[in-house]
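*Asks:* Please work out how this folds:
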Amino acid sequence: MKKTNEQLLAQVSALQLRNAELEALERRHSLMEGTLTQQTHDLKERIKEINCLYSISKIVEKADISLNEIYQGVIEVIPCSWQYPEITCAQLFINGKEFITQNHAQIPWQQSADIISYGEKVGILSVGYREEKPQLYEGPFLREERSLLNAIAERLGRTSEQKQAEKALHKSEKKLKEQNQLLMEKNIALREVMNQLISEKKNLEEKVLDNVDQLLLPLLKKLKNKGANIETEFFKVFENNLEQLTSSFGSSISRKVPKLTPRENEICNMIRSGLSSKEIARLLNISYRSVETYRNYIRKKLGITNQKINLTTYLASL
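*Replies:* Numbering: from 1, shown residues only. The predicted structure is shown next:
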């Protein structure tokens, strides 16, 4: 049965409508496919960026790795993280040293970031393409690549600070250890010197004691027995002073009363020898009253203002 013209026109119209729907569906599919492709591409780029930062962290965290090794390792990691790894090259100038990839060349298509350490610029990091590529966010580079470059530069700055701090700490610890060792050696040497001084002092005291007992005191007695023309009081003081060489009176009274004047020390010595105020006044050619005034000063400085305490006895006990 033949179809009428109206029926044919209706079929054609239906087919055209269906065709338009299919074309629209194809465009949407194509658009979705393009979006999916772009998202896949972007995802791959983000994965590369994450892998780059992770690889840099692994390099930095290696034990006993130098700064130079870190810098070169970072430079070699960078190319595989950019859009076109096969034509990407990198260069790092830091602290007067240069680190580059093997394929590095002077090219116009590059981006850079400063390296900052302790608030000062210490270097610059550059990444470039050896061939011309379509213009994107920053020349041929993606927005994300700019962010990644900045992140790497910042990490390099922090790493530089950390390594410098570790180096300074290690140097301080080494210096402190050397100083401690030197101090220990000095203490040992000082202890030996002190022991030697103590031994020499003891020997000297024994020699002085022997000389006084065996030579000076016997000679003094002979002079005294022969009636030498010397005041008896002077003999007594001289004899007493010789005996004091073997006693601790001089050092004891100096420690107890460091503020005694030379004259007061002289009078203390005479009082301890048993001389009276009149005898002291005659020997020193001063008045009896002056001697009594000195005795009062000495009592005050010795802290024995109580008159019941005998000054001669007190001095003899020192």
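*Asks:* what comes up buried for the longest strand along the chain?
*Replies:* Across the chain, the longest stretch assigned as strand under DSSP state E is strand 120-129. In terms of neighbour count (16 or more other CB atoms under 10 Å), strand 120-129 has its buried residues at 122-123, 125-129. Bear in mind the C-beta positions are built from the backbone N, C-alpha and C, glycine included.
*Asks:* will you turn these into JSON lines that also has pLDDT and distance to Leu260?
*Replies:* Shown next, in JSON lines, are the buried residues of strand 120-129 (pLDDT from 0 to 100; distance: CB to CB, whole Å):
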{"residue": "Val122", "pLDDT": "90", "distance to Leu260": "68"}
{"residue": "Gly123", "pLDDT": "92", "distance to Leu260": "73"}
{"residue": "Leu125", "pLDDT": "93", "distance to Leu260": "79"}
{"residue": "Ser126", "pLDDT": "93", "distance to Leu260": "83"}
{"residue": "Val127", "pLDDT": "94", "distance to Leu260": "86"}
{"residue": "Gly128", "pLDDT": "92", "distance to Leu260": "89"}
{"residue": "Tyr129", "pLDDT": "93", "distance to Leu260": "94"}
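*Asks:* to the chain's geometric centre, what's the distance from stretch 268-281?
*Replies:* Mean-position distance between stretch 268-281 and its chain equals 63 Å (CA atoms, centre = their mean, to the nearest Å).
*Asks:* meant to ask about stretch 48-60
*Replies:* Computed by CA atoms, centre = their mean, the chain-centroid distance of stretch 48-60 equals 33 Å.
*Asks:* lowest-confidence helix or strand of this protein?
*Replies:* Least confident helix or strand of the chain, by mean pLDDT, DSSP states H and E, is helix 249-256 with a mean of 55.
*Asks:* can you give me the helices in this protein?
*Replies:* Secondary structure of the chain (DSSP state H): helices at 5-60, 67-77, 143-211, 217-225, 232-244, 249-256, 262-272, 277-284, 288-302, 311-316.
*Asks:* want to throw those into TSV with mean neighbour count and distance to Ile94?
*Replies:* Below are the helices of the chain laid out as TSV (neighbours: other CB atoms under 10 Å; distance: least, CB to CB, whole Å):
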stretch	mean neighbour count	distance to Ile94
helix 5-60	12	14
helix 67-77	18	6
helix 143-211	13	7
helix 217-225	12	86
helix 232-244	15	78
helix 249-256	14	66
helix 262-272	18	73
helix 277-284	17	85
helix 288-302	15	74
helix 311-316	15	80
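*Asks:* Out of the buried residues of strand 120-129, give me the two with the largest separation.
*Replies:* By the measure CB to CB, Val122 and Tyr129 form the most distant pair in those, at 26.0 Å.
*Asks:* Quick one: low-confidence residue ranges for the protein.
*Replies:* Along the chain, segments meeting pLDDT under 70 span 1-3, 38-43, 45, 209-258.
*Asks:* Domain parsing of it, as residue ranges.
*Replies:* Domain segmentation of the chain under automatic domain parsing yields 20-165, 230-316.
*Asks:* And Phe141, how far from Trp82?
*Replies:* Phe141 is 8 Å from Trp82, where distance means CB to CB, to the nearest Å.
*Asks:* which neighbours do the two share?
*Replies:* Residues touching both Phe141 and Trp82 by CB atoms under 8 Å, 6 or more residues apart in numbering: Val127.
*Asks:* who's more crowded, the two?
*Replies:* A side-by-side neighbour count of Phe141 and Trp82, using other CB atoms under 10 Å, places Trp82 first with 26 against 22.
*Asks:* contacting residues for the more buried one?
*Replies:* Contact analysis of Trp82 by CB under 8 Å, 6+ apart lists 48, 88, 127, 129, 141, 145.
*Asks:* Rebuild the helices of the chain as a markdown table, extending it with distance to His104.
*Replies:* Conversion of the helices of the chain to a markdown table gives the following (distance: least, CB to CB, whole Å):
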| stretch | distance to His104 |
| --- | --- |
| helix 5-60 | 18 |
| helix 67-77 | 9 |
| helix 143-211 | 16 |
| helix 217-225 | 99 |
| helix 232-244 | 91 |
| helix 249-256 | 81 |
| helix 262-272 | 87 |
| helix 277-284 | 99 |
| helix 288-302 | 88 |
| helix 311-316 | 94 |
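*Asks:* Nearest to Glu98, out of those?
*Replies:* Closest to Glu98 of the helices of the chain is helix 67-77 (CB to CB; 9.4 Å).
*Asks:* helices and strands around that closest one, which ones?
*Replies:* Helix 67-77 sits against helix 5-60, strand 88-94, strand 97-100, helix 143-211, with contacts defined as 3 or more CB pairs under 8 Å, 6 or more residues apart in numbering; DSSP states H and E.
*Asks:* if we go to 6 Å?
*Replies:* In this structure, helix 67-77 packs against helix 5-60, strand 88-94, strand 97-100, with contacts taken as 3 or more CB pairs under 6 Å, 6 or more residues apart in numbering; DSSP states H and E.
*Asks:* how distant is the second one from the center of its chain?
*Replies:* Average the C-alpha atoms of strand 88-94, do the same for its chain, and the two points are 35 Å apart (CA atoms, centre = their mean).
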